[in-house]
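[1] with the input below, show me the fold.
(2 chains)
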Amino acid sequence: MITLSHYLALAGLLFVVGLFGALAKRNAVAVLMGIELMLNAVNINLVAFNRFMNPGEVTGQVFALFVIVVAAAEVAVGLAIVINLYRRRLATDVEEADWLKW
Amino acid sequence: MMEYAWLVPLFPALAFPVIVFVTRRLRLLSALVGIAAIAASFVVSVGILVEVLQAGVTMEQPVEKALNWLAIPGPEGWLLKIEAGILLDPLTAVMLVVVTLVALLVEIYSVGYMHGDPGFSVFFSYLSLFSASMLGLVVANNFFMMFFFWELVGLCSYLLIGFYFHKPEAARASLKAFVTNRVADFGFMLGFFFLFLMFGTFNFRELAEAVPHAENLGLLALAAALVFIGPIGKSAQFPLHVWLPDAMEGPTPVSALIHAATMVAAGVYLLARAFVLFAGLPSVMLIIAYVGGFTALFAATIGVVQRDIKRILAYSTISQLGYMVMAMGVGSMTAGMFHLTTHAFFKALLFLGAGSVIHALNEQDIFRMGGLARDMKITAGTFIIGALALAGIPPLAGFWSKDEILLAAYSHGYTGLYLLGTVVAFLTAFYMFRLIFVAFFGPRRAGLHGHESPWTMTVPLLVLAVLSVVSGFMGAPFVAHGFSSWVYFGEPHHVEPNYVVMFTSTAVAILGIYLAWFIYGREAVSHEALSRRWQGVYRLVYNKYYVDEAYLWFFRRVVLGLAEAFNWHDRNVVDRIFDGVGDLVRWSGRRLRYLQTGHLPVYGLVLFAAVVVLVIWAAAPVIGGIR
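    Residues are numbered from 1 along each chain as shown, chains lettered A, B, ... in the order given. Okay, here's the model as predicted:
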C-alpha cells in the first residue's frame, strides 16, 4: 500500500537531489536542470496532497500545471541567459558569472 | 425690471471680451461699447430701483433668485451648497444705481481724459470689467459669490492702478494695493468660512435667520471680526489704509471710480449687507465704530498738510470712509449707506475735477497752481460745489448725510465719537478749502495756465455737480418717505432733525472754510511760517505718521530677519540631517557590498537557507507532525 508518506519521501528525495545539483554544479545548464528537478518534486507534492487530502477536487493538479507552465517559461529565460553568458565569456560555468560582484 | 437684474453685471462683463477681442483696434468704438454697456446697466438699475420702491420690496421682504452653482447633497439637506443668485432689496437697488451712474459718467469722462493714450481701448475694457465685478458683488446673494466678485474687484484695481505700468511708482502702487488687499481678503475669507462651519450656509438670508439664534457667541464674534478685516482692507481703514493714497498713481478717472462707487464702497457695502452679523455683537460693533472714527480723524489730519491734489482727495476719501464705518459701528446702517451714496457723487465730482485740472496743467502740486478759476470756469465751479458738499454746507448733499452720521453717534450715546466726528468735519472743510484757495484762486504761482477741458469731461462734471446738490434731499429729515424708509436694519425709523447737531456741524464747517481763507486766501498768516514753527508735528503728519515706514521697517527687519533665520535653520539643521542620512547610507553601502561575492551557488544557498528558516518559523506552532 502506497501512502502519502511515500510520495512525500520521493518528493523530498527528488528536491534534495535537485537542490544539490543547483548549488553544487558549475555548469549553468546543470544548475537549470537541478531547478527543474526541484520544481518537479514540488509538483509531486501538490498532486499527492490533492489525491490524499482532498480527492474530490483538482486544485493540486491545476497548480501542478501552472508550475509546469512557469517552469517552461523559466527555462526559456534561463537558457537565454546561459547563451548570453557563453557569448560574452565563452563559458557556461556559473563561477564566471560574477558581474554583480563588488 | 426686477427679473432682469442679472443683466446689470452682465452687460459690462460682456463688454470686456468684446473690447479685448473685437474692437480693440477701433478706439472710439471700444469706448462706445463700454459706455453703451454701462448705460444699459444704468437704465436697468433705475428700472429696478423704481420697481423696488413701488412694489413694496423692503429690507425684510427682498426678492431672491438663485441657481445652484455647486451643490453636494448630504445626509440631511445639503452638505455644501453654493449658489449663483441675486438678492434684490432697496439696499441693492440704491447701490446698483449709484455704481452704474458713477461708472457711466466716469467712462464718458475718460473719452476726453484718456484721449490719445496708447492703451485707450484696454482702459475701457478694464473699466467695464471693474464695473461688472462691482455690480456682481452688489447683487450677490451669498458670501461665496460676493467673495468671488470681491476678488475680481481687487484684480481690476490692480490692473487699473498699474495702468501706467511703465512708471515704476505705478507698478509698485498696484502691487501694494493688491498685497494689502490680499491680507484683508484672507481675513474676510476665514470669517465667512467660520460662518459656514457654524451655520452650514453662505446665503445671506439664511444666515440672517440663523445668526440671532447662534449659541457660541464667542466664535460668532471671532467670525464677525474676521469678516470686518475685509472692509478694513477694501475700504482703506486704519491700519490697512496705506494702499489707497498710492493708488493715485493710476489714471484719474480710475481714482474717481475706485474712490467713489466701486472698490472702497465694497467694504462699506459688505458691512451693510452682513449687518445682522454685527448688530448682535456689541464688542465687534465697538471695534468697528472706533476703527472708523480713528481712521476718519487720522486721515483728515494727513489731508491737511498734503500738497498733491489727488493725495488730498485720497486722504479725504479715507477719512469719509472712516465716517461711514463709524456710522455702521454706532448702529446706523442707514446713515452709513446714505453717506456712501452722497459721497459717491461728490467724491467722483472732486476727482474728475482734479483730473480736469491735471489734464490741463500736467501738474499735481497745488502750490504750483493758482488762479485756475479764471481759466477753467466749469471745472472750478463744479469743484467748489463738490467741496462745499464734502464740507457739509447746507443744503448740499454732504450736509444731510454727514449730519445723520453725527446724529447717529450722538443719539446712540457715543459722545466721544460725536465730538471726534465734529472735529473731522472742521478738518474736512479746512483741507478742502485750503486746496481751493491755493489752486483755484490767488496768483499763478508757477506761471501755469489752465484751459477748459472738452465737453466729454465737463458734462459729467456738471451732472455730478447737480447730483451733489440734490442727492442729499432724498434722506433729509423733512422728507417723509426718504432714504431711511428704504434702507434700514430692523425697524425703519424716521430721523428727527436735531438742530444742535446741525448747527454745530455747519458752524465748524464754516469755521474751517474761514480759517482756510484766512491762511491761504488772505494769507494773513504765512502757512510756511506756521509749518516751520510746528516743524515736528508738521513733519510727522506730512509723512503720514510714518505708517509706511513702519511697515517697511517691519518687512525689512522682522519679516526678512525671520526669513534669514529660517534660511539658516534650513541650511544648517534640515540639510545637515538629510546630508547625514545620505552619508550614512553611502558608508554602509561601501561596507556591505563585500557581501556580494558574485558566487552564484552561495547566493542560492543563502536563498534556500532563508526559505528553510522561514518555513520552520512559520511551522513552529504545528511542528510535531500532521494531526
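
[2] which other helices and strands does the lengthiest helix in chain A contact?
    Counting by DSSP state H, the longest helix found in chain A is helix A:59-89. Counting contacts by 3 or more C-beta pairs under 8 Å, 6 or more residues apart in numbering or on different chains; DSSP states H and E, helix A:59-89 packs against helix A:28-53. Backbone N, C-alpha and C define where each C-beta goes, glycine included.

[3] next, the angle from the helix it packs on to helix A:59-89.
    Orientation check (axes from the mean of the first three to the mean of the last three C-alpha atoms, to 10 degrees): helix A:28-53 against helix A:59-89 gives 180 degrees.

[4] elements contacting helix A:28-53?
    Partner elements for helix A:28-53 (3+ C-beta pairs under 8 Å, 6+ apart): helix A:4-24, helix A:59-89.

[5] quick one, which of these is packed in tightest?
    Mean neighbour count (mean count of other C-beta atoms under 10 Å in any protein chain shown) peaks for helix A:4-24 among the helices and strands packed on helix A:28-53, with a mean of 16.

[6] is that helix anywhere near chain B?
    Yes. Part of helix A:4-24 sits near chain B under the criterion C-beta under 8 Å from any C-beta of the partner chain, namely A:19, A:22-24.

[7] what's next to that helix, contact-wise?
    For helix A:4-24, contacts defined as C-beta atoms under 8 Å, 6 or more residues apart in numbering or on different chains pick out A:30-31, A:33-42, A:44-45, A:48-49, A:52-53, B:601, B:604-605, B:608.

[8] and the longest helix of chain A, what's its mean pLDDT?
    Averaged across helix A:59-89, the pLDDT comes to 90.

[9] picking up where we left off before, out of the residues of helix A:4-24 next to chain B, which one sits closest to B:Ser468?
    Each of the residues of helix A:4-24 next to chain B was scored against B:Ser468 by C-beta to C-beta, and A:Ala22 proved nearest at 102.5 Å.

[10] quick one, what contacts the closest residue to that closest one other than its chain neighbours?
    Excluding its sequence neighbours, the residue lying closest to A:Ala22 (C-beta to C-beta, 6 or more residues apart in numbering or on different chains) is A:Gly34, at 3.4 Å. Contacts for A:Gly34 were tallied using C-beta under 8 Å, 6+ apart; they are A:17-23, A:25.

[11] which bits of chain B sit near chain A?
    B:593-594, B:596-601, B:604-605, B:608.

[12] so B:Ser531 touches B:Val305, yeah?
    Yes. The criterion here is C-beta atoms under 8 Å, and B:Ser531 meets it with B:Val305 at 7.5 Å.

[13] mutual contacts of these two, please.
    Joint contacts of B:Ser531 and B:Val305 (C-beta under 8 Å, 6+ apart) are B:Tyr538.

[14] is it correct that B:Gly47 is in contact with B:Leu7?
    No. B:Gly47 is beyond contact range of B:Leu7, at 10.4 Å (criterion: C-beta under 8 Å).

[15] same for the helix or strand hosting B:Val94, what does it pack against?
    For B:Val94, the host element (DSSP states H and E) is helix B:90-113. Packing contacts for helix B:90-113, counted by 3+ C-beta pairs under 8 Å, 6+ apart, involve helix B:7-21, helix B:27-54, helix B:120-139, helix B:252-260, helix B:264-273, helix B:333-361, helix B:455-470, helix B:483-486.

[16] between those helices, which one is nearest to B:Val559?
    Per C-beta to C-beta, nearest to B:Val559 of these: helix B:264-273, 25.5 Å.

[17] now the closest one: mean pLDDT?
    89.

[18] residues in contact with it?
    With C-beta under 8 Å, 6+ apart as the test, helix B:264-273 has contacts from B:91, B:95, B:98-99, B:134, B:137-138, B:146, B:150, B:153, B:188, B:204, B:227-228, B:230-237, B:244, B:258, B:278, B:288, B:317, B:321, B:324-325, B:328, B:333, B:336-337, B:340, B:344, B:487, B:489.

[19] for stretch B:481-500, same thing?
    By C-beta under 8 Å, 6+ apart, stretch B:481-500 touches B:53, B:59, B:90-91, B:93-94, B:272, B:275-276, B:279, B:333-334, B:337-338, B:341, B:404, B:407, B:410-411, B:473-478, B:480.
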